[in-house]
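Student: sequence isn't available, so here's the structure alone:
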């Protein structure tokens, strides 16, 4: 077991003692017997599950060897790394054919499905299948990244920052050296080059990515199949979801020939088998101090949830206006409901006084050790983090609501900030505007994806009302933002007046630079300029606070390593990690929850709910019921340590074959943000055999099924 | 026009100038021509609409006479007053037959329909019809009030309060004298006796009510008919809703013979006809100072809305668990959505900077007059109100969430407070525990209405989480309330442990007094006792602040009368008022909105929405489509000044006949809380002829239709 986990082990014990988890792990069940009799695959059985989202170049090799007799070779690692794909829209994926086929979740594809849909063709709801390459649909703005190299640049980054720097100077110096490293790497290789801050600030890695921007939709099932059970079943288990979609990457108009891709395992994931997940977990807060966790509990999560519920109700109301309105709001509603449920689970965990108390004990004991061993550099690290946090929370970002809620606002904000930043050298700009990241930024900024003015009107009016609510109606900035109008009227005028819907207009403003922006009479641009000064002031405070935290978390980690003598995995950063565990059921309310479900189970689940609402399978599933092998697994669960961002990650066996695709966690896993537990917390995946079976016998896409893994 | 309205007239003008209202009033339309040709009724046409929720003993007689040539006699007023009924569950109604039949809204009846329903019989959704008196269903806890006498007790109340009193002494003295007056009135007459504070504190009236507690359900349509169009159509117009229900009041096991009841008009409401509404508007804030309105805008409404959205999402989630769960949550979900929509409209109005500016101008000019005329008693009234408000908002009631969300908590709170208060003389108790109000309190406290533990669990867990959110997880009261458990676990233990579901247990605790409560190990009682000290401290601050405001608003009103020389109507207090106006359409987005809709329109409206979701009429409506006279009016609108609490109010013609039943306002009327406008704001009512026609030809209840007005 690894050092960082020792504090957490106490927590698991705490959970166990409080009866939240069973003392005994389930050892098989009827379903597994059923499957064992119908399939001929066997696997080695291991006894322990494991925590950690590991860096590819720093895997817990000893642990894997001892517990699983698994020793990944350099070639295995390279193969898996190069087969892994990141979606810039916020998910993971993998290459699954030599002809550039990419497998991810339906819900990761949803953003693109929504953007490709029209009032006539609702691909998000009704699904899509290209019967030839020519029919594959090009996404307006997807960018896929394939990580091709990793190098440690910690020394160079840290050398640029001196102990005598003020936090402002330190943040500027660090920003500058990171931008320089990225610029040099880009110039040298032509690859997307990102310096990533790890361990909160103790390490810096340079990641280089091959970028794919011609990404075409090949197949997506209906949302009734992918999101079967809807919001009610989300984060629940057992599940019966075909939450997958296929894209193909192109270059120069032809499918990209891919050297590294995942072959399909013949049998898919087996009970108690070691499985590995290669993906991009978005963010965890496992190293957070108690003060930071409490801020999360008392301020940040409740406020985020208020905003989610506000958006959820707003989008539901908008959808009541008609079928086309429902279609327009659909994807965003799904995603807001998903986050509302996830955050509710996160907050529920943090609201357990026992959990905080246990974390507090671990922190106290580490601080005592730091004090005892006189590790002076780390002694005040916790206080520094609390102080930095207080400075940021004093000026809480009361501007965020506008960009959260309105696409027009986000576009205008990008243009205004970018043209302003472009007047400085790249290494003095706000990080997102550095020259090495410009191509990806423009890919998004100049996306021709549709913008619906009626939906924008509803959202912008609500954003303005929320803005006024957060600051009070007499706040001077509110007064100038509303310009004497009600939020509804002001939103109407802004939307009637803006020309940002036209991509050409965005390009023109961006090309014209800050002068063109200053001259622009576009009301949305003028609105952003009104707010820009406060935005920049807030950003400065936040950046300085982040620098203080980076240094302090770095010191805490150094002290931990000094005290505990081992290495560990860093908190998630939406970069490539390898996690592992076993396929295993669990016990809940004295019920054995099986490690997988079957295609036949989906039909049963539908019947249990009377085929109503979200529990109505698509027509095709009914038509082809007789053609389907109902015993084929559809979903399965494993103890692998995952979190949001891992959606679409390939689940791989030790042979490097694909056995499944991660799409969810059960409700008990929602504390994964700050706490991993292997007792009842599970990652949920689509079983590889279920994908093949449904492609072949429900969707009539035998060719695609054949191409998978070829 | 009346004095109070003069400031408001500027506001209307302001609205008009900003294009929110049309310059021209619509003068008829196709529907009205249709109706005119099919019916033979004619009415006198008047030119103006009117503001005000008037006291029965202080009607604007001159105005009614000049504008409408209407002079209500003492007999007319008495007849209307005695025909009017108040529902303690929060609505209005009227007697409509000599055999105790009471007509109200389906949504006013909903609380009772929900309580009478079981997993087998969902009367709320499926409707109910008693085919004989024996089948009429007794409500578990409805109390109906019939106002029988009004007397002015202002002098006696004010004499008890001296200028030298501190705010605490003044509040106690006022409370004591009000309790004494009520006690004497009760002892003398046996009638429910309430002293009501009017004009914010300038006047006090003693209202005596005949109470009916044996109230039986006679008929309710399906919720699909009553709430046709659902949340989407709510507060919209045109509407097509049969939002009515019939009860019958009993005494000694037989229907009460009623002397005063409303006869049904033959033709119902006619375009441009004067109509009067007798009902109990719940609360308005038209006399609020600017400071009070801003507090409403910046704090109270946003916070209430956050809580509504929270409850809405929670109840929706709960309903996703199954059909029975949906049934259990249904009524509360409707009511939360209704309030969320209403409050959103209220806040939208207040968020219009122009509206506040216009109100500010009016306030400034009044203050200048007060200063100029040296009306010393009123000079600092505005500052006193702002000060009192600031004191309350400093200690914002962070306890309310628990009682808002959990029925068990509310029951326990009542028992704990009541037994504590009972140790004091009646006139020193908190108002709601005075002896004269005890019967009504017990009727509610000992109600056998079902409590669903699964729903309580969801709500109480959320209430505890919200409680922690409002105060922060480290707050000492949060720590002791959660007792080391997560909100979910704590709620589970509370609900498993409490015996308050049993009415006998509640009676026993109440009878045992504070000693029994102190000894009780019931966890819900203990929870309330933990919170009681802070509750009482908050309450004291709130009561003192309310006293300061009562005096200050009283002084402002006195000054207004002195300056403007006329009387006015007081803000609404959920007591009987008479309002009036005309049946009239309006123009919206250049479209003429007709003054009424027809039964046939309901079928058309269904078809326009593809018969989906909330736009599917009940089966019975389809079966009897051929039997129905489709030209008969179903809903109509009028310019009458109403607000929440008026739901179910009879709409009456000058002959004192029933022409309709109020059930809603259009979206433009949602500012009625603080602003009346006659241009596009409309009250929406069910047309009396639509009620008769549907009873007869859809519901097969010809006997009931015949009994109406007999």
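Tutor: Arrived safely, thanks for sending. All of these numbers come straight from a predicted model, not from anything done at the bench. Numbering: from 1, shown residues only, chains lettered A, B, ... in the order given.

Student: ok, residue A:190 - how many residues close by?
Tutor: Counted with other C-beta atoms under 10 Å in any protein chain shown, the neighbours of residue A:190 add up to 11. For every residue, glycine as well, the C-beta is placed using N, CA and C.

Student: actually, residue A:590.
Tutor: 6.

Student: which residue ranges make up the domains of chain A?
Tutor: According to automatic domain parsing, chain A comprises the domains A:3-143+A:213-286+A:571-707, A:301-546.

Student: residues near the closest residue to residue A:233 other than its chain neighbours, how many?
Tutor: Nearest residue to residue A:233, sequence neighbours excluded (C-beta to C-beta, 6 or more residues apart in numbering or on different chains): residue A:239, at 6.2 Å. Each residue near residue A:239 was counted by other C-beta under 10 Å, and the total is 26.

Student: could you double-check that residue A:239 sits in contact with residue A:664?
Tutor: Yes - judged on C-beta atoms under 8 Å, residue A:239 makes contact with residue A:664 at a distance of 6.7 Å.

Student: so the residue in the stretch 101-250 of chain A that chain B sits nearest to, which of the three states?
Tutor: With C-beta to the nearest C-beta, the shortest gap between the stretch 101-250 of chain A and chain B falls at residue A:232, namely 3.7 Å. For residue A:232, the secondary-structure state derived from DSSP: H, G, I helix; E, B strand; the rest coil is helix.

Student: which residues does it contact?
Tutor: A:614, B:317, B:320-321 (C-beta atoms under 8 Å, 6 or more residues apart in numbering or on different chains).

Student: do that again at 10 Å, thanks
Tutor: Residue A:232 makes contacts with A:341, A:609, A:613-615, B:316-317, B:319-322, as judged by C-beta atoms under 10 Å, 6 or more residues apart in numbering or on different chains.

Student: any chance of the domains of chain A in a markdown table, with distance to residue B:178 too?
Tutor: What follows is the domains of chain A, written out as a markdown table (distance: least, C-beta to C-beta, whole Å):
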| stretch | distance to residue B:178 |
| --- | --- |
| domain A:3-143+A:213-286+A:571-707 | 50 |
| domain A:301-546 | 36 |
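
Student: most neighbours per residue, which of these?
Tutor: With neighbours defined by mean count of other C-beta atoms under 10 Å in any protein chain shown, none of these is more surrounded on average than domain A:3-143+A:213-286+A:571-707, at a mean of 20.

Student: thinking again about what came up before, now, the contacts of residue A:232 that are in helices?
Tutor: The helices in this structure, assigned by DSSP state H, contain A:341, B:316-317, B:319 from the contacts of residue A:232.

Student: ramachandran angles for residue A:295?
Tutor: Phi and psi for residue A:295, reported as degrees, to the nearest 10, are phi -60, psi -40.

Student: could you do the one 5 residues further on as well?
Tutor: Backbone torsions of residue A:300, given as degrees, to the nearest 10, read phi -70, psi -50.

Student: and the helix or strand hosting residue A:365, what does it pack onto?
Tutor: Residue A:365 belongs to helix A:353-372 when assigned by DSSP states H and E. Applying 3 or more C-beta pairs under 10 Å, 6 or more residues apart in numbering or on different chains; DSSP states H and E, we find helix A:353-372 packed against helix A:3-17, helix A:290-295, helix A:323-350, helix A:376-379, helix A:381-394, helix A:523-564, helix B:476-482.

Student: and the second one, anywhere near chain B?
Tutor: Yep, that's helix A:290-295 we're talking about. Yes - for helix A:290-295 and chain B, the contact criterion (C-beta under 10 Å from any C-beta of the partner chain) is met by A:293-295.

Student: any chance of these in CSV, with distance to residue B:116, pLDDT and neighbour count too?
Tutor: Supplementary listing: these in CSV, determined by distance: C-beta to C-beta, whole Å; pLDDT from 0 to 100; neighbours: other C-beta atoms under 10 Å in any protein chain shown:
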residue, distance to residue B:116, pLDDT, neighbour count
A:293, 48, 95, 21
A:294, 47, 95, 20
A:295, 48, 93, 20
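
Student: nearest residue to the closest residue to chain B within the stretch 451-600 of chain A in space, please, no chain neighbours.
Tutor: Minimum separation of the stretch 451-600 of chain A from chain B (C-beta to the nearest C-beta) falls at residue A:486, amounting to 3.7 Å. For residue A:486, the nearest residue in space outside its immediate sequence neighbours is residue B:352; the separation is 3.7 Å by C-beta to C-beta, 6+ apart.

Student: got a pLDDT number for that neighbour?
Tutor: Reported pLDDT at residue B:352 in the predicted model: 91.

Student: again, but for residue A:32
Tutor: What the model reports as pLDDT for residue A:32 is 40.

Student: same thing with residue A:21?
Tutor: According to the model's per-residue confidence, residue A:21 sits at a pLDDT of 32.

Student: wait, is residue A:672 part of a helix?
Tutor: Yes - remark: residue A:672 belongs to a helix, assigned using three-state DSSP.

Student: pretty sure residue A:501 contacts residue A:451?
Tutor: Yes - checked against C-beta atoms under 10 Å, the pair residue A:501 and residue A:451 is within contact range at 5.4 Å.
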